[in-house]
Structure formats: C-alpha cells, structure tokens
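Student: need the 3D shape of this:
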Amino acid sequence: MSTGPMKTRRGLAGVTALLLAAALLAQPAAAQHSGGPVLAGKDRWMENADIGLPALFSAVSAGFDHSCGLLVGGEVVCWGADYRGQRDVPDGSFTAVSAGFGYSCGLLVGGEVVCWGADSLGRLDVPVGSFTAVAAGDFHACGVRISGEVVCWGEDAGQLGAPAGSFTAVAVGNFHSCGVRTSGEVVCWSDDELWQLAAPTGSFTAVVAGIFHSCGVRTSGEIACWAAGYDGELDVPDGSFTAVSAGWDYSCGLRAGGEVVCWGVWEDAEPYVPRGLFTAVSSDSWQSCGVRISGEVDCWGAGYDGQLDAPDGSLSAMAAGDSHACGVRVSGEVVCWGDNDDGQLDAPEGSLSAVAVGSRHSCGVRVSGEVVCWGYNRYGQLDAPEGAFTAVTAAGFHSCGLRTNGEIACWGGHWDGRLDAPEGQFAAVAAGDDHSCAVRVSGEVVCWGDNDAGQLDAPEGSFSAVAAGYSHSCGLRPSGEIVCWGSNFSGQLDAPEGSFSAVVAGYSHSCGLRPSGEIVCWGDNNAGQRDAPTGRFTAVAAGDHYSCGLHLGGRAVCWGYWQSDPRIGARP
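Tutor: Numbering: from 1, shown residues only. As a prediction, this is how the structure comes out:
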C-alpha cells in the first residue's frame with residue numbers, strides 16, 4: 001500500500017459517473033467490437049497520407065464515452081467504447097443519429113427510430129410510429145413524431161412526460177427534457193424540482209440539454225443558457241450562432257462563420273477549443289465532436305489537454321505520459337505537447353538525444369550525457385544527479401537514469417522503495433507509476449517498488465527490453481516474444497503471439513511494435529487507446545488512456561482519449 005500521494009492516473013470521477021455506471025452494470029456485457037472505422041488522432045484536419053482518406057460526414061453526435069457519425073450516404077458509424085454494443089449499428093440508411101450513455105439511437109429514412117447498445121432502463125424500447133427527430137440521453141430518449149407530438153422512453157423521473165402540443169425539436173439531458181414548440185417557445189420538464197427549468201422567454205430555433213444546464217439558439221442567432229438552481233441566464237459569448245451543444249460543465253457553439261467556440265458554465269471550467277471551420281458540433285458529459293467543412297469529424301474532451309496534437313515535422317524519438325507527450329526532432333530539439341499546468345512542456349534549449357515523460361514532469365538526456373528535467377518538482381523528481389547517462393525514464397513522481405557505467409540512479413518521491421534501484425550493471429531501465437524495472441547485462445529483469453499487483457514478479461529467462469506501466473510490467477525476450485506480469489484487470493497482460501521489436505506499457509493497456517512496423521495494442525480500450533492506425537512505424541509509446549507512434553518518415557500520430565477521429569479506407 002502506497003504511503004505517498006494518490007496514484008496519478010486520472011479517471012471518470014463524480015457521483016453522476018457512478019450513477020451512470022451502476023445503471024449499466026446490471027446488464028450482461030457485450031462482446032468487444034472488432035470492426036468499424038480505424039481511429040487515428042494526429043493531423044485531424046490536415047494530411048492523412050499514412051492513415052487513409054477521411055470519410056465524409058454530414059452529422060455527428062457525442063455520447064458519454066462513444067460517438068456516432070452520419071456519413072453522407074446515410075450510413076452510421078460509431079467509435080469509442082463498446083462494452084454494451086453501442087457501436088453495433090443496425091443495417092439501414094439513416095437521416096439522423098444520437099449517442100447516449102452506453103447506447104445509441106438513429107432515425108431511418110422511413111421515419112422509424114431504432115436504438116442499440118445497453119438494453120437497460122427501457123432505453124431500447126422505442127415506441128412504434130414515424131418520427132422526424134430523435135435524441136438519446138443518459139437514462140432516457142425522446143423523439144418527435146411527424147404529428148409534432150413528443151414521446152419519450154426509458155427511465156422515468158418525470159422527464160418522459162412531455163407536454164401536449166406540437167414540437168419541431170427535442171433535447172434530452174440527465175434528468176430533464178426540453179423541446180422547441182412550433183411557435184419557437186422552449187419548454188422543459190421533469191418531476192424533480194431541481195429540474196423544473198424555466199427556459200427564458202422568446203423564440204428559439206434549437207435547444208440542447210446538458211447535465212446541469214440547457215442552452216438554446218434564438219431566432220436572432222444569439223445563445224441563451226440556463227441552469228438548475230441558478231437564478232437567471234448564464235453568461236455566454238456574444239455573436240451570432242447557428243448551433244449550440246451542452247456538456248458536463250461547458251458548452252460549445254457554432255458561429256455563423258463556422259468557428260467553434262467553447263466556454264465553461266462555471267468560472268473554473270476551461271474547455272479545449274479546436275481550430276478550423278465546422279458545419280456541426282455536438283457535446284456530451286466528457287467530450288465534443290464536430291464536422292469540419294471538409295466532411296471530416298474531429299472529437300475532443302474527456303480530460304483532453306491536446307496530448308494527441310503532435311507537432312508537424314520529423315521526430316526521432318517520442319515518449320507519452322499522463323496528459324502530455326514529448327518528442328526529439330532529428331536536430332536534437334525537444335518539443336512537447338498537451339497539458340502544461342506545471343511547465344512540463346517547457347523543454348530547455350539545446351540538443352538532446354533522448355526524452356522521457358512522467359505524470360507532470362519531463363526529462364531528457366543531453367548529448368553530453370547530462371540529464372535535465374522540467375515541470376512539477378514537489379518531490380524532487382527534477383533533481384537529477386550529476387554524471388553522464390545514456391538513458392532516462394520518468395513516471396508518476398520519480399525518475400531513473402542509466403549511467404554510462406551501467407549503474408542505475410533514481411530520484412524523486414521515495415515511497416514503496418521506488419528509488420531503491422538494485423546494484424549491478426544494466427542495459428535498460430523503465431519507470432512505472434510506483435515501481436521500476438531494469439534489464440541486467442545478463443538479460444535478467446529485476447523490478448523494485450510497489451508490488452501490490454505482482455508487477456515486480458518478473459519471470460525467469462533472458463530479456464532484451466522491459467516496460468513498466470501503472471501496476472503491470474512487460475518484457476521483450478530475444479526471440480521477439482512479449483511476456484507481461486502484474487495486474488490484468490483489463491487484459492493488459494494478454495500479449496498477442498508472434499515476434500515484436502519493442503514493447504511499452506500504459507495505464508491499463510500495452511502496445512508492441514512488430515518487425516514489419518505494425519503496432520499492436522491489447523488491454524483496456526475504453527478510450528480507443530488500442531485502435532492503432534495502419535501503416536509502418538518505427539516507435540510506439542503508451543500514455544494514460546492514449547498511445548502514440550512514429551511513422552516510418554518520422555511523423556507522429558496519437559490516438560485514444562475518445563477524441564480520435566474515424567478514418568475509413570486506410571492504406572499502408
């Protein structure tokens with residue numbers, strides 16, 4: 001049991017997330033989806049030479065942990081989490097799609113609504129009839145019949161009891177629903193007094209419902225937002241908009257010129273804002289997606305800090321951490337991208353031969369052999385010892401380096417013995433969240449630090465490389481076989497058969513690089529971190545819930561964290 005700081009990997013926390021998870025745990029798990037679009041997260045609005053031409057979308061919908069898009073031809077494709085079959089789209093031609101929590105709904109060309117995914121709370125029990133619109137929320141869904149009547153299904157906390165009258169649009173939140181009447185008036189309904197939301201007066205063309213707030217687009221193009229328990233309207237940006245979306249504590253709007261603008265409902269929310277011009281935008285609790293004017297789809301959010309936005313240009317090495325990544329250019333310059341709350345992107349000037357990325361800090365090896373570190377230093381993880389090193393590794397709140405004489409030195413937070421490197425000469429070292437492993441010159445792997453999941457119990461035999469993750473470790477044998485040990489709660493130890501030239505370990509997933517240049521990942525895929533793009537790679541890195549690779553030409557590409565793009569028709 002660790003006596004230091006809480007383990008540094010971030011997850012989906014909060015009461016609402018627990019309630020949502022409980023709603024699905026009552027149902028048997030569906031098989032993992034093996035088909036669907038290839039996911040790739042680099043150059044989302046630029047070149048796609050190595051991962052195939054992008055599919056053209058006319059609409060997109062962001063769900064809790066998956067997204068769906070409507071292709072120009074009427075086909076619906078979904079990506080992201082698939083633990084309840086929410087990506088298993090039925091056959092048919094669609095005119096609209098909506099992604100909820102663990103399930104999705106679509107409107108077929110004939111007006112029929114079909115839903116798929118988690119069959120709980122009655123969310124798949126669509127009423128018979130013809131519809132013009134459909135909206136899927138966390139616990140319930142609603143549709144607008146061709147008569148203008150709104151009907152809802154799923155869990156009923158009053159949000160199913162739509163008022164009488166004719167509507168043109170409907171929106172579904174967590175515990176409430178809203179609709180736009182043919183007169184332009186917005187009305188919202190729920191049994192819970194907290195959700196008895198009094199929408200502002202005036203005429204609207206669209207309405208969206210989030211977790212705690214709702215927004216609408218007025219006929220004038222202005223946006224109005226209001227929230228549960230909040231007196232009056234919320235602050236929104238000025239200007240004319242054509243669409244608006246609502247997430248957990250933020251909203252995104254589409255300006256008339258195609259620019260997407262995102263803002264926080266509360267003062268401390270600072271949502272990521274993408275670049276470029278869009279034709280549509282959609283948000284849910286943790287993520288947003290938009291359709292670019294090119295027809296491509298981009299998604300962002302879910303704790304996203306830009307860690308997938310690798311810079312242009314050629315890199316010779318790369319490392320991925322919790323929420324940031326770094327690479328070494330062929331010139332020796334280090335460039336970093338992603339979260340910079342603690343200065344972990346502010347690499348020093350000069351030429352470096354290697355780089356390592358921890359939770360909130362980074363380290364590099366200068367061509368002179370000196371190790372330099374930057375970023376968060378509360379526990380001394382930047383205080384590298386003097387001397388010449390050939391390699392450095394960083395994780396959590398500690399760092400380790402391999403000296404030119406083969407000895408290992410570690411520094412930073414000293415809990416669970418993570419700094420107690422064994423004596424002797426080593427050929428490689430890897431730091432995990434609260435443990436480390438190294439390969440002796442004899443080929444033996446030894447590990448030290450926390451062993452709460454058996455991550456120190458390396459198997460016997462000879463190894464050429466080793467990787468350390470959150471609570472598991474993996475090693476590469478001289479034969480090319482990968483073996484892993486430690487925690488296996490997401491299948492991160494189940495390495496595929498065959499020969500590999502490199503292995504890396506992330507939070508709850510692992511990846512390997514085959515001699516052919518193909519990247520293969522296994523373990524957790526809750527954020528798309530296993531969905532490596534096709535092509536030939538020279539290196540691979542595994543972060544928290546995302547992965548990165550270096551293409552043969554040196555271009556970096558990253559994927560995962562739910563905002564990876566759907567790409568169809570990849571070519572090597």
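Student: shaky segments in this structure?
Tutor: 1-55, 157-158, 191-197, 229-232, 265-272, 274, 286, 301-308, 561-572 (pLDDT under 70).
Student: how is it partitioned into domains?
Tutor: 55-300, 315-561 (automatic domain parsing).
Student: what about the strands in the stretch 101-250 of the chain?
Tutor: Along the stretch 101-250 of the chain, counting by DSSP state E, counting those that start in this stretch, strands occupy 103-108, 113-117, 131-136, 140-145, 150-154, 167-172, 177-181, 186-189, 204-209, 213-218, 223-227, 241-246, 250-255.
Student: a markdown table please, covering those strands and showing distance to Phe278 and mean neighbour count.
Tutor: No exception for glycine: its C-beta is placed from N, CA and C like everyone else's. What follows is the strands of the stretch 101-250 of the chain, written out as a markdown table (distance: least, Cβ to Cβ, whole Å; neighbours: other Cβ atoms under 10 Å):
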| stretch | distance to Phe278 | mean neighbour count |
| --- | --- | --- |
| strand 103-108 | 21 | 26 |
| strand 113-117 | 26 | 24 |
| strand 131-136 | 20 | 24 |
| strand 140-145 | 25 | 26 |
| strand 150-154 | 28 | 22 |
| strand 167-172 | 20 | 24 |
| strand 177-181 | 22 | 26 |
| strand 186-189 | 24 | 22 |
| strand 204-209 | 15 | 24 |
| strand 213-218 | 15 | 25 |
| strand 223-227 | 16 | 22 |
| strand 241-246 | 9 | 24 |
| strand 250-255 | 6 | 24 |
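Student: redo those as CSV? Include distance to Cys289.
Tutor: Below are the strands of the stretch 101-250 of the chain laid out as CSV (distance: least, Cβ to Cβ, whole Å):
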stretch, distance to Cys289
strand 103-108, 13
strand 113-117, 17
strand 131-136, 14
strand 140-145, 19
strand 150-154, 23
strand 167-172, 16
strand 177-181, 21
strand 186-189, 24
strand 204-209, 14
strand 213-218, 17
strand 223-227, 19
strand 241-246, 9
strand 250-255, 10
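Student: those strands: which one's closest to Cys410?
Tutor: For these, the distance to Cys410 is smallest for strand 250-255, at 39.6 Å, taking Cβ to Cβ.
Student: quick check: next helix or strand after that closest one?
Tutor: Per DSSP states H and E, the first helix or strand lying C-terminal to strand 250-255 is strand 260-264.
Student: can you tell me the strand partners of the next helix or strand after that next one and which way each runs?
Tutor: Sequence order places strand 278-283 as the next helix or strand after strand 260-264, per DSSP H and E. In the sheet, strand 278-283 lines up against strand 287-292 (antiparallel) (DSSP bridges).
Student: now do the following helix or strand past the partner strand against strand 287-292, angle only.
Tutor: Under the assignment DSSP H and E, the closest C-terminal helix or strand after strand 287-292 is strand 297-301. On the basis of axes from the mean of the first three to the mean of the last three Cα atoms, to 10 degrees, strand 297-301 is oriented at 160 degrees to strand 287-292.
Student: for strand 297-301, packing partners?
Tutor: Using 3 or more Cβ pairs under 8 Å, 6 or more residues apart in numbering; DSSP states H and E as the contact test, the elements touching strand 297-301 are strand 57-62, strand 66-71, strand 287-292, strand 565-567.
Student: and the second one, what does it pack against?
Tutor: What that stands for is strand 66-71. Here strand 66-71 touches strand 57-62, strand 76-80, strand 94-99, strand 103-108, strand 287-292, strand 297-301, going by 3+ Cβ pairs under 8 Å, 6+ apart.
Student: Phe94 contacts Val72, doesn't it?
Tutor: No. Contact criterion Cβ atoms under 8 Å: Phe94 and Val72 do not qualify, at 11.5 Å.
Student: for the two, indicate the residue with more neighbours.
Tutor: Neighbour count, other Cβ atoms under 10 Å: between Phe94 and Val72, Phe94 has more, with 20 against 11.
Student: tell me what that one is bridged to.
Tutor: Leu108.
Student: swap in Gly290?
Tutor: So, taking DSSP bridges as the rule, Gly290 has Val281, Asp298 as bridge partners.
Student: hang on, isn't it packed against Glu296?
Tutor: No. Judged on Cβ under 8 Å, Gly290 makes no contact with Glu296 at a distance of 9.3 Å.
Student: comparing these two, which residue is more hemmed in?
Tutor: A count of neighbours by other Cβ under 10 Å puts Gly290 above the other of Gly290 and Glu296, at 27 against 23.
Student: roughly how far does the more buried one sit from Leu277?
Tutor: From Gly290 over to Leu277 the distance is 10 Å, taken as Cβ to Cβ, to the nearest Å.
Student: same question, Arg84
Tutor: In terms of Cβ to Cβ, Arg84 sits 34 Å off from Leu277.
Student: more neighbours: the two, which one.
Tutor: Remark: of Arg84 and Leu277, Arg84 carries more neighbours, 22 against 15, as counted by other Cβ under 10 Å.
Student: tell me the contacts of Cys115?
Tutor: Residues near Cys115 by Cβ atoms under 8 Å, 6 or more residues apart in numbering: 103-106, 123-124, 126, 136, 141.
Student: pretty sure Ala135 contacts Val172?
Tutor: Yes. If you go by Cβ under 8 Å, Ala135 and Val172 touch, sitting 4.4 Å apart.
Student: which neighbours do those two share?
Tutor: 141-142.
Student: adding distance to Leu345, write the helices and strands packed on strand 297-301 out as a markdown table.
Tutor: Converted to a markdown table, the helices and strands packed on strand 297-301 look like this (distance: least, Cβ to Cβ, whole Å):
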| stretch | distance to Leu345 |
| --- | --- |
| strand 57-62 | 27 |
| strand 66-71 | 28 |
| strand 287-292 | 23 |
| strand 565-567 | 23 |
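Student: what about the ones you listed, which gets the closest to Ser190?
Tutor: Between the helices and strands packed on strand 297-301, strand 57-62 lies closest to Ser190; by Cβ to Cβ that is 22.1 Å.
Student: mind checking the end-to-end distance for stretch 426-442?
Tutor: End-to-end distance for stretch 426-442, by Cα to Cα, to the nearest Å: 8 Å.
Student: again but with stretch 207-221, I slipped
Tutor: The straight-line separation of the ends of stretch 207-221 (Cα to Cα) is 12 Å.
Student: which one of the helices and strands packed on strand 297-301 lies closest to Trp153?
Tutor: strand 57-62 (17.9 Å).
Student: give me the angle between the closest one and strand 287-292.
Tutor: 170 degrees.
Student: ok, residues contacting strand 57-62?
Tutor: So strand 57-62 is contacted by 67-72, 96-99, 104, 136, 245, 280, 282-284, 287-291, 295-297, 299, 301, 566 (Cβ under 8 Å, 6+ apart).
Student: of those residues, buried ones?
Tutor: The neighbour-count test (16 or more other Cβ atoms under 10 Å) marks 67-71, 96-99, 104, 136, 245, 280, 282-284, 287-291, 296-297, 299, 301, 566 as buried among those.
Student: so Thr279 touches Arg292, yeah?
Tutor: Yes. Proximity of Thr279 to Arg292 meets the contact threshold set by Cβ under 8 Å, at 7.3 Å.
Student: between these two, which is the more surrounded one?
Tutor: Arg292 (23 against 18).
Student: understood, closing this out.
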